[in-house]
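Colleague: Next one to model:
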Amino acid sequence: MPNLLRDTAVCLAVIAAGTAANAAARVDTPDYRNPELPVKARVADLLSRMTIEEKARQMDMYGGGSVRGPGGFSAEKAAEVMGELGMGSIHDLYPRAPLANQIQRYAVENTRLGIPILFIEEGLHGLCAGGYTIFPQAIGMAATWDTDLVQKIGAVIGAESRASGVHECLSPVLGLARDPRWGRTEETYGEDTYLASRMAVAMVTGMQGKTLNSDHTIIAEPKHFAAHSIPEGGRNTAPVPIGERELREVFLPVFRAAFVEGGAMSVMSAYSEIDGVPCTGNKWLLTDVLRGEWGFQGFVLTDLGAISMLYNTHHTAATEVDAILQAVQAGVDMQFYDFGHELFQNGVVELVSQGRLAMADVDRAVGRILTVKFMLGLFDNPYTDETLGPRVIRCEKHRELALRAARETVCLLKNDGDVLPLSKSIRTIAVLGPNADSPRLGDYTGERRQVTVLEGIKAIVPSGTEVLYERGTAVQRSDDLNPIPADFLRTPDGGSHGLKAEYFANPNLRGEPQLVRVDK
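Modeller: As a prediction, this is how the structure comes out:
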């Protein structure tokens, strides 16, 4: 054979062998592992391979302590908890990248299908753990009227969270502050529908960026859906007695903006009820409006314990399993510490086996959770770059933005006699009030390294300036309360000084107490 023909034959043989090998590899690789396929196809393929037990596991949330030991990650605890089924999500861990990667690697390499875990944390105005950049609370952000600034803040929260291995933050709070008795006003963007909606879009687009498949963006989860902020009597979980017109005109537009304009990919259903119907069991709210009218494509996570409240508070469910059924059929996709893992997961399996819950409803819920995981790129790159954290978290650029935000949140209501700014030649300054020497960074703050107003003033005044301080009244009366001395207390039998206390392992004080003792 001439050399040209021989070389051509060899090349064709190599190409044919390579093509056959590639074809074999494609056959051996499941579609959900193929990054070239669209997300919808990958989700469908993965669902077709999952058992009902694996699906129920994806709908559940675990606490960070379930896989953590005294020295960090515990492979023994992970093996016990995950088994072959894996784990849907983890909350209350606040990892740094090395710990998140250890946990993720175990899930990917040691479970049957290798489904990655979604790490979910609090991040209302900065990731809620020590060492991260903290910004003014939401009410302060709203006071800036600066949506570009708030978008930048959202981007920082996303970047610092993702650099730690966190994929989703439970933020922003989109309730309107219409009742001063409700104790969470600081978490909101104020009372105005339009302003809150603009801030909502800014925060969501900042956190989620142009794509979720990056090293600096995360899922935003607006909460609490919906009208949670005006409960009767200002009590956090009390009923909301408004009708559909007020709901649609005042409260829902803020959420609609977050989903339709901002593209938020998760949402938290509220504990409370609207006009007698609990939000977590409200199909009209979670399916007809959220998905049917607004086209929401993400997943619904309950507020902590909201499914169980269908049974023990709202009494719309006869049993705990009935509560799970109501929530899933209404449009809930993941529970948040509602029931023990065994009860919840076995409940889902039992409902399907009994024909009370359609497998289509389970696939809908799990499919939405998996969709978010694919959008984040977790199936193709499940691990976090461990060099990111030291470069990104609380970097100088982020601290400068926090300082700028803090300055812009300041609202000067009055400046009689142009007393401000203070003269550098002033000899005495009086700092008054209960917040002057108490660090107040706002709720959902994990940072412990704080400088008080009093400390800050003392640090910058000239050496000859005297700084006087008086606390005055307390923010809460309990701040000034002293315990009653035990000498003035007697147990029922009169035999001991103090209070006889019985501690129960349930909220209804039923059965035998777990502990009985005399407290001083």
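Colleague: so where does Arg162 fall, helix or strand?
Modeller: Using DSSP states H and E, Arg162 sits in helix 147-163.
Colleague: Could you measure from Glu84 over to Gly495?
Modeller: 56 Å (C-beta to C-beta, to the nearest Å). Every residue, glycine included, has its C-beta placed from N, CA and C.
Colleague: I meant Ala163, not that one.
Modeller: On the measure of C-beta to C-beta, Ala163 and Gly495 end up 59 Å apart.
Colleague: The two: which has the busier surroundings?
Modeller: Ala163 (25 against 9; other C-beta atoms under 10 Å).
Colleague: What does the pLDDT read for that one?
Modeller: Reading off the confidence values, Ala163 has pLDDT 98.
Colleague: contacting residues for it?
Modeller: 97, 215-216, 384-385, 388-389, 391-393 (C-beta atoms under 8 Å, 6 or more residues apart in numbering).
Colleague: at 10 Å instead, please
Modeller: Shown in contact with Ala163 (C-beta atoms under 10 Å, 6 or more residues apart in numbering): 96-97, 127, 132, 215-216, 384-393, 395.
Colleague: Derive a ChimeraX selection command for the buried subset of these.
Modeller: Burial among the contacts of Ala163 is assessed by 16 or more other C-beta atoms under 10 Å; the matching ChimeraX selection reads:
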select :96,97,127,132,216,384,388,389,392,393,395
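Colleague: Keep only those of the contacts of Ala163 that are in strands.
Modeller: Among these, no residue falls in strands (DSSP state E).
Colleague: Where does the prediction get shaky in the protein?
Modeller: For the chain, the stretches with pLDDT under 70 are 1-27, 477-480.
Colleague: Pop the domain breakdown of it in here.
Modeller: The chain breaks down into these domains under automatic domain parsing: 3-33, 39-390, 419-481, 484-519.
Colleague: Please work out which of the ones you listed is packed deepest.
Modeller: With neighbours defined as mean count of other C-beta atoms under 10 Å, the domains of the chain peak in mean count at domain 39-390, which reaches a mean of 20.
Colleague: ok, the residue most central in space within the chain - contacts?
Modeller: Relative to the mean C-alpha position of the chain, the nearest C-alpha, by C-alpha atoms, centre = their mean, is the one of Leu170, at 2.4 Å. Leu170 makes contact with 91, 120-124, 128, 219-224, 266, 268, 301, 303-304, 336, 444 under the criterion C-beta under 10 Å, 6+ apart.
Colleague: switch to 8 Å and redo it
Modeller: 120-124, 221, 223, 268.
Colleague: for Arg42, same thing?
Modeller: Per C-beta under 8 Å, 6+ apart, neighbours of Arg42: 31-32, 34, 374, 379.
Colleague: For Val166, see how far away it is.
Modeller: Applying C-beta to C-beta to Arg42 and Val166 gives a distance of 23 Å.
Colleague: now do Thr473
Modeller: On the measure of C-beta to C-beta, Thr473 and Val166 end up 39 Å apart.
Colleague: those helices in the stretch 251-400 of the chain, which residues are they?
Modeller: Assigned by DSSP state H, counting those that start in this stretch, the helices in the stretch 251-400 of the chain fall at 252-256, 283, 306-312, 320-330, 341-353, 359-375, 388-392, 396-409.
Colleague: Check which helices and strands the third one sits against.
Modeller: This means helix 306-312. For helix 306-312, the elements it packs on are strand 277-278, helix 320-330, judged by 3 or more C-beta pairs under 8 Å, 6 or more residues apart in numbering; DSSP states H and E.
Colleague: for the last one, same thing?
Modeller: For helix 396-409, the packing partners by 3+ C-beta pairs under 8 Å, 6+ apart come out as helix 138-144, helix 147-163.
Colleague: Tabulate the ones you listed (JSON lines), appending distance to Pro507.
Modeller: What follows is the helices and strands packed on helix 396-409, written out as JSON lines (distance: least, C-beta to C-beta, whole Å):
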{"stretch": "helix 138-144", "distance to Pro507": "31"}
{"stretch": "helix 147-163", "distance to Pro507": "33"}
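Colleague: Show me the one of those that comes nearest Pro278.
Modeller: Smallest distance to Pro278 across these (C-beta to C-beta): 25.5 Å, for helix 138-144.
Colleague: Does anything pack onto that closest one? Which helices or strands?
Modeller: Counting by 3+ C-beta pairs under 8 Å, 6+ apart, helix 138-144 packs on helix 147-163, helix 193-208, helix 396-409.
Colleague: Contacts for it, please.
Modeller: Residues contacting helix 138-144 (C-beta under 8 Å, 6+ apart): 124-125, 135, 149-150, 153, 172-173, 177, 185-190, 195-196, 199, 203, 405-406, 408-409, 411, 442.
Colleague: report the angle between the axes of the helix holding Arg162 and helix 396-409?
Modeller: Put simply, helix 147-163 runs at 140 degrees to helix 396-409, going by axes from the mean of the first three to the mean of the last three C-alpha atoms, to 10 degrees.
Colleague: Please provide the alpha-carbon coordinates for helix 147-163, formatted as PDB.
Modeller: C-alpha atoms of helix 147-163 as PDB (Å, rounded to 0.1, in the frame of the first residue of the first chain):
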ATOM      1  CA  THR A 147     -31.200  51.800  44.200                       C
ATOM      2  CA  ASP A 148     -27.800  51.700  42.600                       C
ATOM      3  CA  LEU A 149     -26.200  51.600  46.100                       C
ATOM      4  CA  VAL A 150     -28.500  48.900  47.300                       C
ATOM      5  CA  GLN A 151     -27.800  46.800  44.100                       C
ATOM      6  CA  LYS A 152     -24.000  47.100  44.900                       C
ATOM      7  CA  ILE A 153     -24.700  46.000  48.500                       C
ATOM      8  CA  GLY A 154     -26.600  43.000  47.200                       C
ATOM      9  CA  ALA A 155     -23.700  42.100  44.900                       C
ATOM     10  CA  VAL A 156     -21.300  42.200  47.900                       C
ATOM     11  CA  ILE A 157     -23.500  40.000  49.900                       C
ATOM     12  CA  GLY A 158     -23.600  37.600  47.000                       C
ATOM     13  CA  ALA A 159     -19.900  37.600  46.400                       C
ATOM     14  CA  GLU A 160     -18.900  37.100  50.100                       C
ATOM     15  CA  SER A 161     -21.500  34.400  50.600                       C
ATOM     16  CA  ARG A 162     -20.500  32.500  47.400                       C
ATOM     17  CA  ALA A 163     -16.900  32.700  48.400                       C
END
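Colleague: how about Gly355, what does it touch?
Modeller: Counting by C-beta under 8 Å, 6+ apart, Gly355 makes contact with nothing.
Colleague: how about it, phi and psi?
Modeller: phi 80, psi 10 (degrees, to the nearest 10).
Colleague: For it, give its distance to Met309.
Modeller: Using C-beta to C-beta, Gly355 is found at 26 Å from Met309.
Colleague: give the contact list for Pro98.
Modeller: Contacts of Pro98 (C-beta under 8 Å, 6+ apart): Glu386.
Colleague: about what we covered before: out of the helices and strands packed on helix 396-409, nearest to Asp437?
Modeller: When these are compared by C-beta to C-beta, helix 138-144 sits nearest Asp437, at 20.2 Å.
Colleague: Using CSV, list the CA coordinates for the closest one.
Modeller: Backbone C-alpha positions of helix 138-144 (Å, rounded to 0.1, in the frame of the first residue of the first chain) are rendered in CSV as follows:
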residue,chain,number,x,y,z
ALA,A,138,-32.9,47.4,55.3
ILE,A,139,-34.7,50.4,56.8
GLY,A,140,-31.5,52.3,56.6
MET,A,141,-30.9,51.3,53.0
ALA,A,142,-34.4,52.5,52.1
ALA,A,143,-33.6,55.9,53.7
THR,A,144,-30.9,56.4,51.1
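Colleague: starting at the chain centroid, how far to that helix?
Modeller: Centroid separation for helix 138-144 versus its chain: 20 Å, with C-alpha atoms, centre = their mean, to the nearest Å.
Colleague: now swap in stretch 513-520 and tell me
Modeller: 36 Å.
Colleague: Same check on stretch 47-55?
Modeller: With C-alpha atoms, centre = their mean, you get 26 Å for stretch 47-55.
Colleague: List the contacts of it.
Modeller: Taking C-beta under 8 Å, 6+ apart as the rule, stretch 47-55 contacts 30, 32, 85-86, 112-113, 115, 345, 348-349, 352-353, 359, 362-363, 366-367, 370.
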